[in-house]
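Test case, fold it:
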Amino acid sequence: DEQTEIGGIPVKVSSHRAMDKYTPFGSALELAALPCLSEIICEQWHPDLPEFLRGNPFIRELTLLNHSQRTLDLRGTSIRKLMLDMTGLQELWLGEDTEQLLFQNKGPDACGIHASEDGSGLTLQFIGEYLPHAELPNLLGLRGIQLKDFDLTGLAAVHPHLKELRLWGAPGNLGNFSAVGGFRELTNLSIFDLFGFGAADILTPEQMPELRWFWMTSLPEDAAKAAKQLWKSKPGMDLQITKPRKPEWLAQNLDNPFRGWDGAEHIPAAAAKKAVNQYRKTRSQLMKLVAEPGEDAQAQALDAVTAYTQTFNKMGFIETEERDEIYMALRGILDALPGDMLQKDTLIEKFDELRDF
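Below is the predicted model:
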């Protein structure tokens with residue numbers, strides 16, 4: 001329970017995490033007062049941070065945002081997991097122990113990445129778009145999140161020794177899916193909420209001899225059937241093909257923030273349907289209020305948010321993940337409303353006041 005002070009803020013000496021947003025340290029060397037530290041989250045640059053990291057081998061995780069650096073050298077540190085804003089960065093030297101590099105900015109970067117053994121122990125995660133890093137021919141794993149349109153053409157030539165490929169759609173379309181066969185050493189493949197491919201694009205066990213772990217969730221129905229048929233009899237295979245989607249489902253759900261509820265084991269089908277219907281109704285009502293404003297528009301908007309919240313108050317299965325999705329769906333509606341005729345913050349406050357989940 002012993003405490004010390006950093007930047008005038010009392011901090012437990014036993015703290016495992018330091019965030020410069022809440023513990024405003026100037027010099028990273030001030031963190032030497034926290035011997036149990038294993039994670040640092042920085043939202044601004046501290047010039048002596050690399051020096052501090054090299055002298056503290058127990059710090060394994062680092063998040064670095066808004067650093068405005070063009071070059072960054074983390075060699076000699078013990079960072080295993082690096083969450084890094086790549087904006088403006090031109091040259092990056094990773095620590096010898098770095099296993100995960102997670103880009104924190106959307107879109108492609110223009111950075112040369114230097115990794116131990118050309119990335120043989122490194123998994124890289126990008127958001128939205130990926131500019132292939134040819135300087136990492138031995139890259140171990142590649143993960144893409146929030147994908148709208150992603151094409152696999154030519155990727156295997158850049159990362160021929162890839163062992164793991166995981167792609168999450170927003171949802172989105174996956175171009176040239178059959179090109180995954182170019183990854184001859186791939187052992188793990190996971191695809192979620194991605195479409196634009198069919199049965200003919202699913203490769204056979206003969207074409208992907210090393211594959212041991214194959215998961216696909218929320219994908220075209222014909223592709224799901226083909227994947228199950230082709231892979232179900234391969235011995236020792238961890239195969240999960242779930243939530244096959246019909247074309248009409250796609251037409252209805254590409255704009256549905258609750259599409260993940262459809263087919264989820266703990267969520268009744270009627271509740272998933274009710275959630276999306278309420279979402280569309282609320283969005284329609286609020287859009288109409290902005291398009292045709294009246295004197296009592298704010299009062300009507302509050303009524304719409306009340307009805308939205310009460311619909312979910314009646315559902316008994318809501319945990320943290322569902323609560324976040326309900327909030328983000330409402331936030332998405334409000335963010336899409338043009339102008340500032342409605343007091344959006346007041347509407348969110350109403351939601352927070354009324355919800356009992």
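
the domain parsing of the chain - what is it?
Annotated domains of the chain cover 3-247, 269-354 [automatic domain parsing].

Look at the longest one and report the distance between its end residues.
Taking Cα to Cα, to the nearest Å as the measure, domain 3-247 stretches 59 Å from start to finish.

any idea how far it is from the chain center?
Domain 3-247 sits 10 Å away from the centroid of its parent chain (Cα atoms, centre = their mean, to the nearest Å).

which residues in the stretch 251-357 of the chain form helices?
Assigned by DSSP state H, counting those that start in this stretch, the helices in the stretch 251-357 of the chain fall at 269-291, 297-313, 320-336, 344-354.

closest one to residue 151 among those helices?
helix 320-336 (26.7 Å; Cβ to Cβ). (Each C-beta comes from the backbone N, C-alpha and C, glycine too.)

need the contact list for the residue lying closest to residue 258 once chain neighbours are set aside.
Once flanking residues are discounted, residue 258 sits nearest to residue 275: 4.3 Å by Cβ to Cβ, 6 or more residues apart in numbering. Contacts for residue 275 (Cβ atoms under 8 Å, 6 or more residues apart in numbering) come out as 258, 261, 311-312, 315, 326.

what's the burial count for residue 179?
18 (other Cβ atoms under 10 Å).

I'd like to know how far the residue nearest to residue 258 sits from residue 112.
45 Å (Cβ to Cβ, to the nearest Å).

do the same with residue 34
Note on residue 34: its distance to residue 112, by Cβ to Cβ, is 33 Å.

which of the two has more neighbours?
residue 34 (23 against 15).

Distance-wise, check that one relative to residue 22.
13 Å.

pLDDT weak spots in the chain?
Low-confidence segments of the chain (pLDDT under 70): none present.

count of residues packed around residue 313?
13.

what does residue 97 give?
Counted with other Cβ under 10 Å, residue 97 comes out at 16.

who are the neighbours in contact with it?
Counted by Cβ under 8 Å, 6+ apart, residue 97 has contacts 77-80.

OK, contacts around residue 354?
Per Cβ under 8 Å, 6+ apart, neighbours of residue 354: 305-306, 309-310, 313.

got those residues as JSON lines, with distance to residue 7 columns?
Output for the contacts of residue 354, formatted as JSON lines (distance: Cβ to Cβ, whole Å):
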{"residue": "305", "distance to residue 7": "39"}
{"residue": "306", "distance to residue 7": "42"}
{"residue": "309", "distance to residue 7": "39"}
{"residue": "310", "distance to residue 7": "44"}
{"residue": "313", "distance to residue 7": "41"}
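
mind listing the helices in the stretch 101-250 of the chain by residue range?
155-158, 221-231, 247-253.

so which of those helices comes closest to residue 211?
helix 221-231 (8.1 Å).

what's in contact with the closest one?
By Cβ under 8 Å, 6+ apart, the list of residues contacting helix 221-231 reads 197-205, 214, 216, 219, 237, 239, 241, 244-246.

Would you check that residue 241 makes contact with residue 216?
Yes - judged on Cβ atoms under 8 Å, residue 241 makes contact with residue 216 at a distance of 5.1 Å.

any idea how far residue 157 is from residue 182?
7 Å.

What is the neighbour count of residue 187?
16.

Show me what the residue nearest the centre of the chain bridges to in the sheet.
With distances taken as Cα atoms, centre = their mean, the residue of the chain nearest its centroid is residue 145 (4.9 Å). As for beta bridges, residue 145 partners with residue 127 under DSSP bridges.

which ones are touching it?
125-128, 168.

any idea how far the residue of the chain most remote from its centre is from residue 21?
Taking Cα atoms, centre = their mean, the residue of the chain most remote from its mean C-alpha position is residue 295, at 41.0 Å. To residue 21, residue 295 is 42 Å away according to Cβ to Cβ.
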